[in-house]
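Asker: Next one to model:
(3 chains)
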Amino acid sequence: MAAGGSRAALQIRGVAKTYRLHDRTLPVLADIDLDLERGQFVSIVGASGCGKSTLLRLIAGLEGDYAGEIHIDGAPITGPGLERGIVFQDHRLLPWLTVADNVRIALLNRPISTGDAASLVREHLALVGLQGFESAYPHQLSGGMAQRAAIARALINAPKVLLLDEPFGALDALTRLRLQGELQRIWMRNRSAMLMVTHDVREAVYLSDLVIVMGGSPGRIVSRARVPLPHPRDRALPALREIEEEILSQLIGPPDASANRAVAAPTAA
Amino acid sequence: MSFISSTTIAARTVLGTPAADRARRAPGFDRWLGWLGPLALLIIWVAATRSAGDGAAHMMVSPRQVLDAARELAGSGDLADHIRASVGRLAVGFTIGAGLGLAYGLVAGALPAVQSLFGSTFHALRQVPSIAFIPMLVLMFGVEETFKIVIVAKSTFFPVALATAEGVRGVPRSFLDVARVYRLRGLNLLRYVLLPATLPPIVTGLRIALGRSWMVLVAAEILAAESGLGQMMERGRQMLRLDVVLVGVLFTGLAGLALERGMRLVERRLARWRRA
Amino acid sequence: MTVRGRLWAAVRALLVPAALLGLWEFLSRGGAAATYAFVPLGKIVAAGRTALSNGELAGNLLASAQHACLGLVTGSLAGVLLGACLGTSRICDRILGPLFHGLRQVPLLGLAPLIGLAFGNGAGAKLLVISLAAFFPVALATGDGVRNVERAHLELGRALTLRRRQVFRHILLPAAAPAIVSGFLQALAFAWLATIGSELLFTASAGLGSFMQQGEANGRMELVIVGMIAIALVGLAMNGLVNRAVYRLLPWHAVAQK
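Answerer: Okay, here's the model as predicted:
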């Protein structure tokens, strides 16, 4: 769903990363080529340890020392930058600041007036559904609410790309489902490019336009699956389930024959 | 988890920040830096004593002078006498105070009734620092050995009693339940459950009390004594002999360190079963 | 607790002190020598009343409080500065660390003759001792607090492209604040101890320690005891203040601890 403009928002070419541990070398990533169009929602799935989080951190600029090129809007990245927002798995709200102040902290290095900042903060808190909680402290929020605040903080600088590193991994299953819907709603309002790393294939297929499967060591891109369905999506769509199973079979092998039989039995009756 | 993931995590933890990277590249240099501080201090000291004029003679004392004074005092047997006097008092007072503290702590920790009766008095008396007891004890017992032993005992009693009571109270219910299931009673209960469970905090309390009492004793000796390290230092001060004072400081510090290290060793041996 | 329950608890708490006071009074009746050591309660009360009415007690209390506060503030400020240094800069920690930890072990009051000789016996020496007593716990706690700031928070600072000054102000300092405050409260106790101690060990000026010292010199036990009671009361008051301060100053921390 490229929203005009031939230049991709995020371009990754031939990225590889090796960790040096005393005298050993550990390759974690190899041959990563990826394009993220403006307004596109892309997920990366893969088993633990395939390097997907490392890739995200490279894009965020939190780690360096890699081979290859990472460009954003054509310009190479040099360390962290406000045009790439990031949401961590642990919300990382500063416990001594209120929700509003936590979001405002992202505006510290922007030359805007306090009045403008305050209204921006209010706007984004409303966007994530936290209006009325401006003066609450993080310890007073539930996990889901805290993560929503983190999303607001990451979006307030209108980043070109929003990076999400297993954003719902630390939440219980029900909250996770609810927040997936929230994220979809926010993204449809906001339409910034999103790159999400997750181990939950269902989540990836539900939210994304494109699902990238990574695997192996060093981690490589094994396959790419398009999800050409319109948004907002219905979870029950059979097309979603098909794509999900296709991806799963790549990750963990073909589905168990006995399991299939068990599922088929009731309908046969 | 695959081999890669665990080592990736390890790598990230180990490699950390660029500064840590730099330090890791030259580990020997890092350790060498540690000696820079004390070395610099020593150099400044020697240089200052060299350059100081005669007028400041009593103020500036070179390391050599301190060593000479130490040798002199050791040779005449004075140093040994002082140390023996101080440590002797410490030993007697500590034993009395620790014994009373253990007894009180055991009873107060095990019987809440005792705690409610004596607790407020205990708490109030604890507020008065041991040093503040000195004038009263001097009036009561004079400047002889008794007053010093009493003050060491007082200084030891409170931390030990507190630690013991907390240790007894802190024995997890679960251990006592297990003991009941296996019908451990009396001596067995003491040996296999109560003692090992309460010993670590008690020994910690003993260590803290020892350190504190040593300090209080030296202070008491400075104020009112005929012998002892504190008195040696005070006399040195009165005679404007900085070197003697420094010898006293040195040995006070060494003794304190030795006592603390010794107690820590005991602590570690007794608490071997504990998680680090 | 019911009213009756609270009443019973109060009675129980006062039982032992009452018994001790009774014992004291009994001992004081035992003859001239006993009266010297165990001054009758009546005399203590009278001395206390006199000291209160002629302002002697209040004056000395204030003087001690002043010494303590001055030393506390100087020592704490120096402590925070050094602690921040030790916690943030590896080089600083490496060079100054061993010196700091070594000096920390030396008992302050044992250094009194040394300090007396070097700085004279007056107010300067007292201030130094009290400041040092406050300095070490604060420096230690600050260093630990700063060093233990969660990596996750520091990484957030990097992701938000915050500059060093902003990281210090918005992340390091607030994160280390609970540790610094607890170090400060420890320093409070040590500074008070050092105040009384230095008043006893150095030449008399004003202060509760000197008050007691004079009582001892004149053989007046009742004054010494009045002084000790005053010190105990101040200690209790400080304890209460400290507990309340923790609850007010660090609400998010206190709640999180629960």
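Asker: can you confirm residue A:34 is in a strand?
Answerer: Yes: with DSSP: H, G, I helix; E, B strand; the rest coil as the criterion, residue A:34 is part of a strand.
Asker: That one - nearest residue in space that isn't next to it in sequence?
Answerer: residue A:12 (4.2 Å; CB to CB, 6 or more residues apart in numbering or on different chains). (Glycine included, C-beta is placed from N, CA and C.)
Asker: My guess is that neighbour contacts residue A:35. True?
Answerer: Yes: Residue A:12 is in contact with residue A:35 according to CB atoms under 8 Å; the separation is 7.4 Å.
Asker: Tell me which of the two has more neighbours.
Answerer: Using other CB atoms under 10 Å in any protein chain shown as the criterion, residue A:12 and residue A:35 rank with residue A:12 on top: 21 against 16.
Asker: Write down the beta-bridge partners of that one, one by one.
Answerer: Beta-bridge pairing for residue A:12 (DSSP bridges): residue A:34, residue A:70.
Asker: Quick check: residues of the stretch 151-276 of chain B near chain C?
Answerer: B:211, B:214-216, B:218-219, B:222-223, B:230, B:233-234, B:236-237, B:240, B:242, B:245-246, B:248-249, B:252-253, B:256-257, B:260 (CB under 8 Å from any CB of the partner chain).
Asker: Just the buried ones from those residues, in PyMOL syntax?
Answerer: Command for PyMOL that selects the buried part of these, burial taken from 16 or more other CB atoms under 10 Å in any protein chain shown:
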select buried, chain B and resi 211+214+215+216+218+219+222+223+230+233+234+236+237+242+245+246+248+249+252+253+256+260
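Asker: Contacts only, for the residue nearest to residue A:34.
Answerer: Neighbour list for residue A:12: A:32, A:33, A:34, A:35, A:55, A:59, A:68, A:69, A:70, A:71 [criterion: CB atoms under 8 Å, 6 or more residues apart in numbering or on different chains].
Asker: wait, which of these is closest to chain C?
Answerer: residue A:59 (11.5 Å; CB to the nearest CB).
Asker: So what's the residue count around the closest residue to residue B:116 other than its chain neighbours?
Answerer: Closest residue to residue B:116 apart from its sequence neighbours, by CB to CB, 6+ apart: residue C:12 at 5.1 Å. Applying other CB under 10 Å, we find 15 residues neighbouring residue C:12.
Asker: And residue C:12, how far from residue C:19?
Answerer: Note on residue C:12: its distance to residue C:19, by CB to CB, to the nearest Å, is 12 Å.
Asker: Restrict stretch B:138-145 to CA atoms and write it as PDB.
Answerer: Extracted in PDB, the C-alpha atoms of stretch B:138-145 (Å, rounded to 0.1, in the frame of the first residue of the first chain):
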ATOM      1  CA  VAL B 138      32.000   8.500  84.900                       C
ATOM      2  CA  LEU B 139      30.100  10.000  87.800                       C
ATOM      3  CA  MET B 140      28.800   6.600  88.800                       C
ATOM      4  CA  PHE B 141      31.900   4.400  88.500                       C
ATOM      5  CA  GLY B 142      34.800   6.900  88.300                       C
ATOM      6  CA  VAL B 143      37.600   6.600  85.700                       C
ATOM      7  CA  GLU B 144      38.500   3.000  86.400                       C
ATOM      8  CA  GLU B 145      38.000  -0.100  84.300                       C
END
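Asker: residues making contact with that stretch?
Answerer: Residues from elsewhere that reach stretch B:138-145 (CB under 8 Å, 6+ apart): B:89, B:147, B:150, B:223-226, C:36-37, C:216, C:219, C:221, C:224.
Asker: Which of those has the largest number of neighbours?
Answerer: residue C:224 (29 neighbours).
Asker: Look up the closest residue to it, ignoring the ones flanking it.
Answerer: In space, residue C:224 is closest to residue C:215, 4.2 Å off (CB to CB, 6+ apart).
Asker: Can you name every helix or strand that the helix or strand hosting that neighbour contacts?
Answerer: For residue C:215, the enclosing helix or strand under DSSP states H and E is helix C:208-217. With contacts defined as 3 or more CB pairs under 8 Å, 6 or more residues apart in numbering or on different chains; DSSP states H and E, the packing partners of helix C:208-217 are helix B:134-141, helix C:56-88, helix C:173-201, helix C:221-249.
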